[in-house]
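[1] Got a sequence here, can you build the structure:
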Amino acid sequence: MKARAHIYISGRVQGVYYRGFTEELAEHLGLTGWARNLPDRRVEAVFEGERTVIEEAINKCRSGPPAAHVTDIEVRWEDKLKGFKDFSIRY
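    Residues are numbered from 1 along each chain as shown. Predicted coordinates for the structure are as follows:
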């Protein structure tokens, strides 16, 4: 079943290749969406695709790239899909 998850990742997640990690992860898993840094030092991301695959991506995001230290992930499941064509990093 297709789903959409809007996630907020807290911890040491900026300046450690976290957005690039989410992009590579999404492409590897066949997910679409985007990721961006927030002014409050969190990373915000949206994944669209099969719910079980999104859940797998979220679990991998709990670790992130080697230099990251994730302290919390807030997940909001949303009903409306945007139908992204790929995964991108937003600036």
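[2] Okay, the residue nearest to the spatial centre of the chain and residue 16: tell me how far apart.
    Geometric centre of the chain, nearest residue: residue 45, 4.0 Å, by C-alpha atoms, centre = their mean. Distance of residue 45 to residue 16, computed by C-beta to C-beta, to the nearest Å: 15 Å. Just so you know, the C-beta spots here come from the backbone N, C-alpha and C atoms, and that holds for glycine as well.
[3] Pretty sure residue 36 is one of the things residue 91 touches, is it not?
    Yes. Here residue 91 reaches residue 36: they are 6.9 Å apart, a contact under C-beta atoms under 8 Å.
[4] Between those two, point out the one with more neighbours.
    Set side by side, residue 91 and residue 36 show more neighbours around residue 36, with 15 against 6, by other C-beta atoms under 10 Å.
[5] Identify the bridge partners of that one.
    Following DSSP bridges, residue 36 is listed with bridge partners residue 44.
[6] Look at residue 87 and say how many residues are nearby.
    Residue crowding around residue 87 was assessed by other C-beta under 10 Å; the count is 23.
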